[in-house]
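Student: 3D model of this:
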Amino acid sequence: MNVSMNGETSETAADWAPPGKPERRPGRVVFWLLVILAVAATVAGLGFSRASVHTYSDSATSMEPTIMPGHQLYVAEGRDVRRGDVIVFSRAGTSGVLVKRIIGLPGDRVACCNTQGWVTLNGKPLDETYISRSGPPSARRFSVTLGRNQIWVMGDDRAVSLDSREWGPLPVSDITGRVVATGNSVPTTILRTPRTFVTDGLAPTDHRLTAYVRWLAVGGIGLVALVILIIVGVIRFFLRLSRRRRPGRPAGGDAG
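Tutor: Numbering: from 1, shown residues only. Below you'll find the predicted structure:
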């Protein structure tokens, strides 16, 4: 910097230095880190949840009202099932897969009907709130004790379902997996063990969380967090914009 004869200073090229980089504010850094984490949780949760189950489409009416025709079924493959579970299975002599509810497991005694017209399992009447009310629990009487590796299955719409009442017991090896959720294009209903099996001591309270449900929860939390962050980001943007347009603001711009 030079001093002139009249005492004024002048800046030379040697005195000039480029402006430094704008300082990064911690709040902005934290905000974008949270956005990245929310996006990652959403993508991972929804992706892994779909990968942990197999989807099937059911066009039959035999499981109404639990499963409506055309609904997608989200199935956790395996044979770890309980009384009351809705399962997908194959059957010799038929094409594709079938969907029914397990009423009895190996060694159980299944019968219909008692004096109240209810299906009984090991002598205990089942209050089948999940079945269609278009008819009785079963118009056909039956009584069977299941052998080793045998299950008894029935549809929820008993008036139209073809099931173990016609076929007899099925081998456990026919089971493809358990239906954990149903819905149209997305899962909307998580299936749990019906209350009657729990209160009668025929199945434990259903606290099962499949990998599908866990990852779906992660994806849902990530999506909600992402929406909140977007709303916060939009509000912050308009607040900064309004401060910049405020009269009398220094030309240097936003210093906050």
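
Student: contact partners for residue 132?
Tutor: Shown in contact with residue 132 (C-beta atoms under 8 Å, 6 or more residues apart in numbering): 64-65, 156-159. (Each C-beta comes from the backbone N, C-alpha and C, glycine too.)

Student: walk me through the domains of the chain.
Tutor: Domains of the chain are assigned by automatic domain parsing as 26-52+210-239, 54-206.

Student: pretty sure residue 34 is in a strand, no?
Tutor: No: read with DSSP: H, G, I helix; E, B strand; the rest coil, residue 34 is helix and lies in no strand.

Student: from residue 131, how far out is it?
Tutor: Distance of residue 34 to residue 131, given as C-beta to C-beta, to the nearest Å: 47 Å.

Student: same question, residue 85
Tutor: Relative to residue 131, residue 85 is positioned 15 Å away (criterion: C-beta to C-beta).

Student: for the protein, just list every one of the strands.
Tutor: For the chain, the strands defined by DSSP state E cover 2-3, 9-10, 54-58, 71-77, 86-89, 98-104, 109-112, 120-121, 124-125, 142-145, 150-154, 170-171, 175-183, 187-190.

Student: if any of the contacts of residue 132 are buried, put those into a PyMOL selection.
Tutor: Buried residues among these (16 or more other C-beta atoms under 10 Å), as a PyMOL selection:
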select buried, resi 64+156+157+158
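
Student: narrow the contacts of residue 132 to those in helices?
Tutor: Among the contacts of residue 132, none falls in helices (DSSP state H).

Student: can I get the contacts of residue 132 in a markdown table including distance to residue 245 and pLDDT?
Tutor: Below are the contacts of residue 132 laid out as a markdown table (distance: C-beta to C-beta, whole Å; pLDDT from 0 to 100):
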| residue | distance to residue 245 | pLDDT |
| --- | --- | --- |
| 64 | 61 | 94 |
| 65 | 58 | 94 |
| 156 | 63 | 96 |
| 157 | 65 | 95 |
| 158 | 70 | 94 |
| 159 | 70 | 93 |
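
Student: and for stretch 26-41, what's in contact with it?
Tutor: Residues from elsewhere that reach stretch 26-41, judged by C-beta under 8 Å, 6+ apart: 218-219, 221-223, 225-226, 229, 232-233, 236.

Student: in helices, which of these appear?
Tutor: Of the contacts of stretch 26-41, the ones assigned to helices by DSSP H are 218-219, 221-223, 225-226, 229, 232-233, 236.

Student: ok, of the contacts of stretch 26-41, which come out buried?
Tutor: Buried subset of these (neighbour count, 16+ other C-beta under 10 Å): 218-219, 222-223, 225-226, 229.

Student: of the residues you listed, just say which sits nearest to residue 45.
Tutor: Checking the buried ones among the contacts of stretch 26-41 against residue 45 with C-beta to C-beta, the nearest one is residue 219 at 2.5 Å.

Student: in contact with that closest one, which residues?
Tutor: Applying C-beta under 8 Å, 6+ apart, we find residue 219 in contact with 41-47, 49.

Student: just the residues you listed: which are in helices?
Tutor: 41-47, 49.

Student: most neighbours out of those, which is it?
Tutor: Counting neighbours by other C-beta atoms under 10 Å, the top entry in the ones in helices among the contacts of residue 219 is residue 49, with 23 neighbours.

Student: next, format the contacts of residue 219 as JSON lines and append pLDDT and distance to residue 103.
Tutor: Putting the contacts of residue 219 into JSON lines (pLDDT from 0 to 100; distance: C-beta to C-beta, whole Å) gives the following:
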{"residue": "41", "pLDDT": "87", "distance to residue 103": "40"}
{"residue": "42", "pLDDT": "86", "distance to residue 103": "39"}
{"residue": "43", "pLDDT": "87", "distance to residue 103": "40"}
{"residue": "44", "pLDDT": "84", "distance to residue 103": "38"}
{"residue": "45", "pLDDT": "79", "distance to residue 103": "34"}
{"residue": "46", "pLDDT": "76", "distance to residue 103": "34"}
{"residue": "47", "pLDDT": "77", "distance to residue 103": "36"}
{"residue": "49", "pLDDT": "71", "distance to residue 103": "29"}
